[in-house]
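Engineer: structure, please.
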Amino acid sequence: MDQQRTKPKIHPLSIVAAIGFALLLIGVAYLVFRAQAGRAQPAQTTPQFQVTLLPAPTETPTLESTSLLVTPTPADVSILPPDVVAVGRYVKVVGTQGLGLRMRAEAGTSGEVNFLAMDDEAFRIIGGPITKDGYTWWQCEALLDKTRSGWAAEDFMQVLELSTPQP
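Structural biologist: Numbering: from 1, shown residues only. Next up is the predicted model:
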């Protein structure tokens, strides 16, 4: 017995209904995504910023009270007591407990620090005095290196006694 197998046949209306249902789903998805895309996009505008220009700050000059003390000239140094700091005298750094004395570019605590002079380092007084910031300032110069000079507070100096050996 020869039996032929028969394939089940799909009804043509089922095919039309499936295609119609697929088109309906695609249409609904299109409408939903279009509605969301319309809401999600911000308005196309050019951003505007308000800019306020502020003038740059200017430095207000202030006068600092400084006083120049009259000091004897090197010729008059011999009439001063031996422990008084004066122009032409030699001094050494004392009392810094090993921290060193700030030698400044100008008299006063706000002057830029040129270098540190260590305890017992010797200098020659070449200028001053100037009273400023609660100290008396003297301009000092190293004995062997003329580039090592600056202003230092008298509180950290001690006059060196120089003696000339007798033959």
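
Engineer: got any ranges where this structure has weak pLDDT?
Structural biologist: Along the chain, the model assigns pLDDT under 70 to residues 1-5, 38-44, 60-78, 163-167.

Engineer: all strands of it, in order?
Structural biologist: 67-68, 90-93, 101-104, 113-117, 122-132, 135-142, 149-153, 157-159 (DSSP state E).

Engineer: check contacts around the residue positioned nearest the centre of the chain.
Structural biologist: Nearest to the mean C-alpha position of the chain, by C-alpha atoms, centre = their mean, lies Glu112 at 15.3 Å. Contact analysis of Glu112 by C-beta atoms under 8 Å, 6 or more residues apart in numbering lists 104-106. (Glycine included, C-beta is placed from N, CA and C.)

Engineer: and for Gly111?
Structural biologist: By C-beta under 8 Å, 6+ apart, the contact list for Gly111 reads 104-105, 151.

Engineer: can you pull out the helices in the chain?
Structural biologist: 12-40 (DSSP state H).

Engineer: Glu106 contacts Ser149, doesn't it?
Structural biologist: No: look at Glu106 against Ser149 with C-beta atoms under 8 Å: they stay out of range, at 11.8 Å.

Engineer: when these two are compared, which one has more neighbours?
Structural biologist: Ser149 (19 against 14; other C-beta atoms under 10 Å).

Engineer: please name the nearest non-neighbouring residue to that one.
Structural biologist: Closest residue to Ser149 apart from its sequence neighbours, by C-beta to C-beta, 6 or more residues apart in numbering: Glu141 at 4.2 Å.

Engineer: tally of neighbours for Trp138?
Structural biologist: Trp138 has 25 nearby residues by other C-beta under 10 Å.

Engineer: quick check: the gap between the nearest residue to it once chain neighbours are set aside and Cys140.
Structural biologist: The shortest distance from Trp138 to any non-neighbouring residue, by C-beta to C-beta, 6+ apart, is to Gly128 (3.9 Å). Look at Gly128 and Cys140: by C-beta to C-beta, to the nearest Å, they are 9 Å apart.

Engineer: cool, Leu116 as well?
Structural biologist: Leu116 is 13 Å from Cys140, by C-beta to C-beta.

Engineer: now the common contact residues for the two.
Structural biologist: With contacts taken as C-beta under 8 Å, 6+ apart, Leu116 and Cys140 have Met103 as neighbours in common.

Engineer: more crowded one of these two?
Structural biologist: Set side by side, Leu116 and Cys140 show more neighbours around Cys140, with 26 against 14, by other C-beta under 10 Å.

Engineer: contacts only, for that one.
Structural biologist: Cys140 neighbours (C-beta under 8 Å, 6+ apart): 91, 103, 117, 123-126, 149-152, 157.
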